[in-house]
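> coordinates only, sequence not included:
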């Protein structure tokens, strides 16, 4: 209403104001119908753990990928292996995910990008390109991806599957605010990942809620500062058996990632409402045994707050309370074959 400034308070001005209010009401009703948003109430931020794994090949965890949603807007952070399937299992339409933020350019964070780019275009009729934010080198990586799929781009495109729907707008970023719209900001946080540098974590702020994703990183002052007072802190973690850690054999891995004791310090210093582990590296500690060991080491280091070992398909809703939903079974999901979209 503040933007409505009629010069006269006569009948015509009042009619314009009524039409303006009616328009807002209609928009609220449409939002309520299509996205479940109730106007005038605080909007929840939803976090989907699409993939919580690392380069290790396991049947339990796909490659690293996290989706944050507000209203009808989706923001994907990294695209590891099986991201496309993971989105569908989370009941997210893959063709609606077009804004992607990369923490760094290691293969396990980008190898799910080509199918996410191509398949929703030709199978699900996505009618817009992608927008990708990432460290220096991202544009070169995207150019190489386009070259790799040059045959598809040329031969599959037609009047319906237009080439421009495969356009990718690339933003090579540095530390600081990289995305802003309304009350929403996404801030890149420079982190230390040795052979993965330049690398970034991301802080998401919107609707009075906040999430920090460390990306792949060891503990640094930047993360301690960026995570201060967030609702959700999603941290990578890496550990091994006492023999492996004692021998120094996995030091090159541990020295560029977050050990449970370092994560505990991060959580203790920043005070999140809920701490979550993702990009989970467990050398010689498979399955639940490894999960329990990481939790135990974090507790032993002094962190007693809310802590979750991430699983693919977990959903976290951030409101006045934090709601954690375990992965949903996918048996009831139909095959997404695009048949209903063929014309």
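Cool, the structure landed. A quick note: this is a predicted structure, and the numbers were derived from the prediction, not measured. Residues are numbered from 1 along each chain as shown.

> contacts, neighbours, all on C-alpha from now
OK.

> How about the contacts made by residue 70?
When contacts are counted by CA atoms under 8 Å, 6 or more residues apart in numbering, residue 70 touches 43-46, 206.

> And the helices in the stretch 101-250 of the chain, which stretches?
Under the criterion DSSP state H, counting those that start in this stretch, the stretch 101-250 of the chain carries helices at the ranges 113-122, 138-148, 150-156, 221-226, 242-247.

> Just say which of these is most tucked in.
Stretch with highest mean neighbour count among the helices of the stretch 101-250 of the chain: helix 113-122 (a mean of 19; mean count of other CA atoms under 10 Å).

> which other helices and strands contact that helix?
Contacts of helix 113-122 with other secondary structure elements, assessed using 3 or more CA pairs under 8 Å, 6 or more residues apart in numbering; DSSP states H and E, are made with helix 83-89.

> what do you get if the cut-off is 10 Å, keeping everything else the same?
In this structure, helix 113-122 makes packing contacts with helix 83-89, helix 138-148, helix 150-156, judged by 3 or more CA pairs under 10 Å, 6 or more residues apart in numbering; DSSP states H and E.

> any idea of the angle it forms with helix 138-148?
With axes from the mean of the first three to the mean of the last three CA atoms, to 10 degrees applied, the angle from helix 113-122 to helix 138-148 works out at 60 degrees.

> next structured bit after the helix-or-strand element of the chain with minimal mean pLDDT?
For the chain, the helix or strand with the lowest mean confidence is helix 11-35, at a mean of 40 (criterion: mean pLDDT, DSSP states H and E). For helix 11-35, the succeeding helix or strand toward the C-terminus, using DSSP states H and E, is strand 45-51.

> which strands and helices sit next to that next one?
Contact here means 3+ CA pairs under 10 Å, 6+ apart; on that basis strand 45-51 packs against strand 65-70, strand 73-77, helix 83-89, strand 199-206, strand 209-213, strand 274-283, strand 315-318, strand 322-325.

> how about low-confidence regions in the stretch 201-343 of the chain?
Within the stretch 201-343 of the chain, the ranges that satisfy pLDDT under 70 run 340-343.

> So the closest residue to residue 209 other than its chain neighbours versus residue 160, what's the distance?
Once flanking residues are discounted, residue 209 sits nearest to residue 231: 6.4 Å by CA to CA, 6 or more residues apart in numbering. Using CA to CA, to the nearest Å, we find residue 231 at a distance of 43 Å from residue 160.

> domain assignment for this structure?
Structural domains assigned to the chain are 11-39, 45-326, following automatic domain parsing.

> tally of neighbours for residue 234?
Applying the criterion other CA atoms under 10 Å, we find 27 residues in the vicinity of residue 234.

> any residues touching stretch 282-298, and which ones?
Counting by CA atoms under 10 Å, 6 or more residues apart in numbering, stretch 282-298 makes contact with 53-54, 56, 58-60, 237-245, 250, 253, 259-265, 267, 277, 280-281, 299-301, 303-304, 307-310, all of which sit outside it.

> I'd like the domains of the chain as TSV, with distance to residue 338 appended.
Below are the domains of the chain laid out as TSV (distance: least, CA to CA, whole Å):
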stretch	distance to residue 338
domain 11-39	21
domain 45-326	5
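
> Name the stretch among the ones you listed that sits most buried.
Neighbour counts (mean count of other CA under 10 Å) averaged over each of these peak at domain 45-326, with a mean of 19.

> Nearest residue to residue 84 in space, please, no chain neighbours.
Among residues not flanking residue 84 along the chain, residue 116 sits closest, at 5.5 Å (CA to CA, 6+ apart).

> Check what pLDDT that neighbour gets.
The predicted local confidence for residue 116 comes out at a pLDDT of 98.

> With residue 37 instead?
Per-residue pLDDT puts residue 37 at 42.

> right, and the helices of the stretch 101-250 of the chain - which one's nearest residue 196?
For these, distance to residue 196 was read as CA to CA. The smallest value, 12.7 Å, belongs to helix 138-148.

> For residue 258, what are phi and psi?
Geometry field for residue 258 lists phi and psi as phi -100, psi 110, criterion degrees, to the nearest 10.

> check contacts around it.
By CA under 10 Å, 6+ apart, the contact list for residue 258 reads 193, 214-220, 235-239, 264, 266, 280-281.

> Equivalent analysis for residue 215, please.
For residue 215, the contacting residues are 64-65, 77-78, 102-104, 109, 189-193, 199-202, 234-237, 257-258, 278-279, taking CA under 10 Å, 6+ apart as the criterion.

> mind running it again at 8 Å?
Residue 215 makes contact with 103, 199-202, 235-236 under the criterion CA under 8 Å, 6+ apart.

> Please work out which residues outside stretch 303-315 touch it.
Residues lying outside stretch 303-315 but in contact with it, judged by CA under 8 Å, 6+ apart, are 46-52, 60-62, 86, 89-90, 264-265, 267-268, 273-278, 291, 295, 324-328.

> quick one: it to chain centroid distance?
The gap between the average C-alpha position of stretch 303-315 and the chain average comes to 15 Å, counting by CA atoms, centre = their mean, to the nearest Å.

> and that stretch, how far apart are its ends?
Counting by CA to CA: the opening and closing residues of stretch 303-315 are 23 Å apart.
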